[in-house]
Every structure is written in C-alpha cells, then in structure tokens.
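> What would the 3D arrangement of this be:
(one chain, ligands or ions: 1)
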Amino acid sequence: MNIGLIFAGGSGVRMNTKGLPKQFLEMNGKAIIIHTIEHFEKCKAIDAIVIVCLKDYIEYLEDLLDRDRITKVKKIVPGGSCGQESIYHGLCAAEEISESEDDIILIHDGVRPLISGKLIHDNINMVKEKGNAITVTPATETIIQVGGEQEITNIIDRKSCYTAKAPQSFYLKDILDVHRQAIKENKTDRIDSASLMKEFGHTLHTLEGPTENIKITNPSDFYIFRAILEAKENSQIFGL
Ligand SMILES: C[C@](O)(CO)[C@H](O)COP(=O)(O)O
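Next up, the predicted model:
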C-alpha cells in the first residue's frame, strides 16, 4: 500500500499567526492542511493517510476532517519534541496499518498545499524504480554559506544546487530502520528524512517537482498561495 504521512506538527513561529498555527489558517473557506490532505484523498494511488498533529489541535483537526468529508485518514498522532521525533511518531503509526514489506510512505509537509496528483504518482513510481524519491527544484538564486561573524565562507556553484522539497518518499521499512538506528546513536536533530537517510549511507534520488509546490513558511508565502490558487481558477497563464 501507499501511505501519505502528512506533518502538521509545527507551531508556526515564523508565520507569526498570533494563535492559530499556520496549517489551520483558512484559504477560500478551507484550512491549509485540508487543501494539502485533499490532494492525497483524491489520488487513487494513495491507500491511507497518517497525520502528525500538534497534540492540542488533534480534536480541532478531527472536526475539520469530518466537515470536509475526508475518509482516508487512518491515524492522527501527536508530534514529538523535535521534527525528527514527530516524523518517527508518524512512521510508527504507519507501521501499525502497514500490510506488506513493500509499502511506500510519502512524507509531506501539511503546509505544502499545492502538491499535485502527478507529483504523488511520480514519487511512487520513482520509489518503485530506484528505492526512494526526494522532490527538489533547481536553485534559482546563488546559495552562499555564512560563518559565525556573518562573513561568506563559501559560494556554491549554482548549477549543482537544488532545494529539497516534499514529498520525500521511501519504502516504509527503510526509513523506519534509519530512524531506529539514529535513536540508538542519539542522533535526534536532523532537519528532514532525506538528511537522515543520507547520513546512514543511502543513495538518494532526486525528482524535479513543480516550483509552485511551495511551503507556507512566512506571511508572504500565504499571499503567494492565494495568488496561485486564483491563477489556477481563473486562467491558464504560465501553464499552472
Ligand atoms: C522537508 C522540507 O520540506 C524540505 O524542504 C523542510 O525541511 C521542512 O521544513 P520545516 O522545518 O518543517 O519548515
């Protein structure tokens, strides 16, 4: 089976929402997290959805799922004390509903509501073909590394730079193995699943996704999301 693991555990500090975490902000009458979940709900290749949610908002999320008639969510689990632990909670919940050694998990950010059915399918196909799929987009600006005194320590050749996005997709057994090894070795602060898999020696395969698959991190991203939705509804400019 193919499982969507959607991470909605963040408290949205960078968004400065003054209360409601950003994944619950509404756009066109629907919470951002519901916009995201609906892509997985509608995709025939997805059999089940697991959500990692802020503990105090689980009931709130359950009400939204009822209201918006989402049926594929099989488990909602609370986040942990850091991103890595939260993902691990979700992976363990996925393991409980898993039916075979070959089950695939697509780890996605709840605040990336512009994912498409095509990107979901492409992720699944690449996992079957190559063992994993890390969604990326080519960097459109030069990436610089900065040291402690805010001085530039390295300028990376842009031709080899991409930014990691989501979904990040794996065989469930592979990513669970790596998380369990990391726990044994006391490595608990890795930024995402790709970093952890790389650290434990897996060769990772990139999948170029659409640039509109943005993560709503700062207030400006919220307005970009609104503009893209509007453009999709009203016209076909730029092939959106
Ligand atoms: C997984 C991710 O989307 C890759 O770009 C990103 O690391 C998630 O970031 P956040 O720290 O949860 O905002």
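
> neighbours of the residue in the chain that the ligand sits nearest to, just the number please.
Here the chain gets closest to the ligand at one residue, Asp192, 3.9 Å apart by CB to the nearest ligand atom. For glycine as for every other residue, the C-beta is placed from the backbone atoms N, C-alpha and C. Counted by other CB atoms under 10 Å, the residues lying close to Asp192 total 19.

> if I read this right, it contacts Pro167, doesn't it?
No. Contact criterion CB atoms under 8 Å: Asp192 and Pro167 do not qualify, at 11.0 Å.

> returning to that earlier point: show the pLDDT at the residue of the chain closest to the ligand.
The confidence metric pLDDT takes the value 85 at Asp192.

> cool, and Ile115?
The score at Ile115 is 97. That number is its pLDDT.

> which phi and psi does the residue nearest to the spatial centre of the chain have?
Centroid-nearest residue in the chain, with CA atoms, centre = their mean: His108, separated by 2.1 Å. His108 adopts backbone torsions of phi -130, psi 150, taken as degrees, to the nearest 10.

> Roughly how far does it sit from Leu172?
Separation of His108 from Leu172 (CB to CB, to the nearest Å) stands at 14 Å.

> So the nearest residue to Glu101 once chain neighbours are set aside, which state does it fall into?
Leaving aside its chain neighbours, Glu101 sits nearest to Lys173 (6.0 Å; criterion: CB to CB, 6 or more residues apart in numbering). Under the three-state scheme (DSSP: H, G, I helix; E, B strand; the rest coil), Lys173 adopts helix.

> my guess is Lys173 contacts Ser100, does it?
No. At 9.7 Å, Lys173 does not count as touching Ser100 under the criterion of CB under 8 Å.

> For the residue of the chain positioned farthest from its centre, grab phi and psi.
Distance to the chain centre peaks in the chain at Glu149, reaching 32.5 Å (criterion: CA atoms, centre = their mean). Per-residue torsions, Glu149: phi -90, psi 20 (degrees, to the nearest 10).

> Which residues of the protein lie near the ligand?
Residues of the chain lying close to the ligand (CB under 6 Å from any ligand atom) are 10, 83, 109, 164-166, 191-192, 215, 217.

> out of the residues you listed, which are inside strands?
Judged by DSSP state E, the subset of these located in strands is 109, 164-166.

> buried sites along the host helix or strand of Arg180?
Using DSSP states H and E, Arg180 maps to helix 172-184. For helix 172-184, the neighbour count (16 or more other CB atoms under 10 Å) marks 172, 174-176, 178-179, 182 as buried.

> Would you reformat those residues as a markdown table and include pLDDT?
Compiled in a markdown table, the buried residues of helix 172-184 are given as follows (pLDDT from 0 to 100):
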| residue | pLDDT |
| --- | --- |
| Leu172 | 98 |
| Asp174 | 97 |
| Ile175 | 97 |
| Leu176 | 97 |
| Val178 | 96 |
| His179 | 95 |
| Ala182 | 94 |
